[in-house]
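> generate a structure from the sequence data that follows.
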Amino acid sequence: MSIRSLFVLILLTGCCGLTYAQKDSAAFKGYPVIAHSDTLFHIRNKLGSLSAPERAQRTSGKVEALAEDLLFVPDSLVTENDSSLVAIVYKGNVLLSLSKADADSVKMDREVMAKAYQEIIINNIHKYKSETDLTELLKRAGLGLLILFVLGLCIYFLNKYSNRFNAWLRVKLHQKIVGFKIKNYELINRKNELLLISKLLNLVKFIVIIILIYLTLPVVFRLFPWTKPWSDSLIGFVLNPLKNIFQGIIDFIPKLITIAVVVMVFHYIKKAIKFLSDEIEAEKLKINGFYPDWAKPTFNIVRIVLNAFMLVVIWPFIPGSNSEIFKGVSVFLGLLISFGSSSAISNGVAGMVITYMRPFKIGDIVKIGDTTGAVQEKSLLVTRILTFKNEVITIPNSAILNGNTINYSSMANQDGLVLHTTVTLGYDIPWTTAHELLIQAAMTSEGVIKEKKPFVLQTSLEDWYVSYQLNAYIDNPKRMPAIYSEIHKNIHIAFDEAGVEMMSPHYQAIRDGNASTVTNP
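Next up is the predicted model:
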């Protein structure tokens, strides 16, 4: 049987073995017999007291030792057959014994299998001896020095001309570069930008040099049998990650399609809900009990819920989602959010509650705690108030929910907002006079609604004086401070013109006839 026939037979039996392995998921290829960094064949079964790994290791050592024999004669490597075993023998030294179980495991005849293994061993030894021949080694050493010399020339010229190119580029770009600005802030000036370009070019140069060295070393190492494993390792450092990445991408494609479908479905669901939200907000679609200003925050809440549900659905399809590191990072982030955002969560919940309570809207004049002003912004966490002093005050939503809120704008556009101020007068002044003067002052004040007559309430009868409370209607709460000032000014003018002194009766009793404080017009 010729060598070609043997290899064809090995290939056919290998294919049969592959089919058998596909049918049987528990099939094992075997332990490799390795000589001079080449895998010759595999051993699956034990023989006598020797296990399969021990047989493979012993055979590898004997083949490598045989390759070191300077007087090796290929014709002396023969096969010997007896009733139970077929052995590959060299001058009485058994390299490998093959049993019927070994032949059955690869679906081959024992003698054919032994002949094939014998030919493989001879070829490996011939290859090793040809590579370690002194003349061949000298040739390879010369070729290696030539490759290193070419590498040195490449690095020399690359360094030389890259420096010239760097200098030429700096001259060309010196007038064209104006720096890098973000609006009015100069992030990088001209000098620093030129320096940055120069450093980037040097970085590219060093990367190219490293790549050249990394590509050259495997070629040089592969010239010699002793350094060939180094070459394979260097190549493996690059090829194995690339192969894993490529295989990972191929395996991820079905999951990626699933994720894309899920994301697309949720995207169109959110678009449909957004359309309904816009229609409700524009009051084109009306739902009983559902206010238009609820549309946008409700959509935001539904969108968050849908995004969270979508993440739960696609989570198992994300690469590495089942790894322990991924789980540990997820737990760590969850703990950070739990311990570090309790106040933010309470403010967020309060913000949602306030949205559906509708205590105020943007532009309303409100009083929250000691702060009075116009609502400038409503967000999930805080509310911002623009005071009458043109100050922007930020109030956490939880504080708003736990306190009292007065909305001056809610009734101002309907029945009018009632402003009130109190004046104390002595019992010597008739109450009718006090009423007339206060109402007159209110009617002459700008901003007071004239159609709704102001009224006066006598809120208390003290020992020395009577408290008169003036109430007037306004429809523009944004001008409350100015209207209050106008009313107080007109009260002062009206009482001065009528000769009525606005002075505490206590002061009247102790001043002992001093001049009146009423200003004569």
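> what residues of the helix or strand encompassing K160 count as buried?
Using DSSP states H and E, K160 sits within helix 134-173. Judged by neighbour count using 16 or more other C-beta atoms under 10 Å, the buried positions of helix 134-173 are R140, G144, L151, S162, N166. Heads up, the C-betas are built off the backbone N, CA and C, glycines and all.
> distance-wise, check the third one relative to N189.
Read that as L151. 39 Å (C-beta to C-beta, to the nearest Å).
> same question for the fourth one.
Taking C-beta to C-beta as the measure, S162 falls 25 Å from N189.
> the first one too?
Distance, R140 to N189, by C-beta to C-beta: 55 Å.
> which residues does L96 contact?
L96 is in contact with V33, R55, T59, K62, A87, I88, Y117, counting by C-beta atoms under 8 Å, 6 or more residues apart in numbering.
> and those, which of them are buried?
V33, R55, T59, K62, I88, Y117.
> pLDDT weak spots in the stretch 101-250 of the chain?
Residues of the stretch 101-250 of the chain meeting the criterion pLDDT under 70: 174-188, 190.
> can you give the domain ranges for the protein?
Per automatic domain parsing, the structural domains of the chain span 3-131, 135-226, 266-344, 345-407, 417-510.
> chain neighbours aside, what residue packs nearest to G144?
V220 (4.8 Å; C-beta to C-beta, 6 or more residues apart in numbering).
> just the helices in the stretch 351-500 of the chain please.
For the stretch 351-500 of the chain, the helices defined by DSSP state H, counting those that start in this stretch occupy 397-402, 431-443, 480-498.
> mean confidence (pLDDT) on the last one, please.
The one in question is helix 480-498. For helix 480-498, mean pLDDT rounds to 92.
> again with the second one
The pLDDT scores in helix 431-443 average 93.
> what number of residues lie near the closest residue to R303 other than its chain neighbours?
The shortest distance from R303 to any residue other than its chain neighbours is 5.8 Å, reached at K270 (C-beta to C-beta, 6+ apart). As a burial measure, K270 scores 17 neighbours (other C-beta atoms under 10 Å).
> kindly provide the distance from K270 to V302.
As judged by C-beta to C-beta, K270 and V302 stand 8 Å apart.
> so the residue nearest to G144 is in which element?
Following DSSP H and E, the helix or strand that holds V220 is helix 190-221.
> got the angle for that helix vs helix 134-173?
Comparing the axes of helix 190-221 and helix 134-173 via axes from the mean of the first three to the mean of the last three C-alpha atoms, to 10 degrees yields an angle of 170 degrees.
> I'd like the next helix or strand past helix 190-221.
Moving toward the C-terminus from helix 190-221, the next helix or strand (DSSP H and E) is helix 228-281.
> packing partners of that next one?
Judged by 3 or more C-beta pairs under 8 Å, 6 or more residues apart in numbering; DSSP states H and E, helix 228-281 is in contact with helix 190-221, helix 295-314.
> a markdown table for those, including distance to N490?
Converted to a markdown table, the helices and strands packed on helix 228-281 look like this (distance: least, C-beta to C-beta, whole Å):
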| stretch | distance to N490 |
| --- | --- |
| helix 190-221 | 66 |
| helix 295-314 | 44 |
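> next, format those as TSV and append distance to D364 and mean neighbour count.
As requested, the helices and strands packed on helix 228-281 are arranged in TSV below (distance: least, C-beta to C-beta, whole Å; neighbours: other C-beta atoms under 10 Å):
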stretch	distance to D364	mean neighbour count
helix 190-221	51	14
helix 295-314	17	15
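> ok, which of these comes nearest V261?
helix 295-314 (9.7 Å; C-beta to C-beta).
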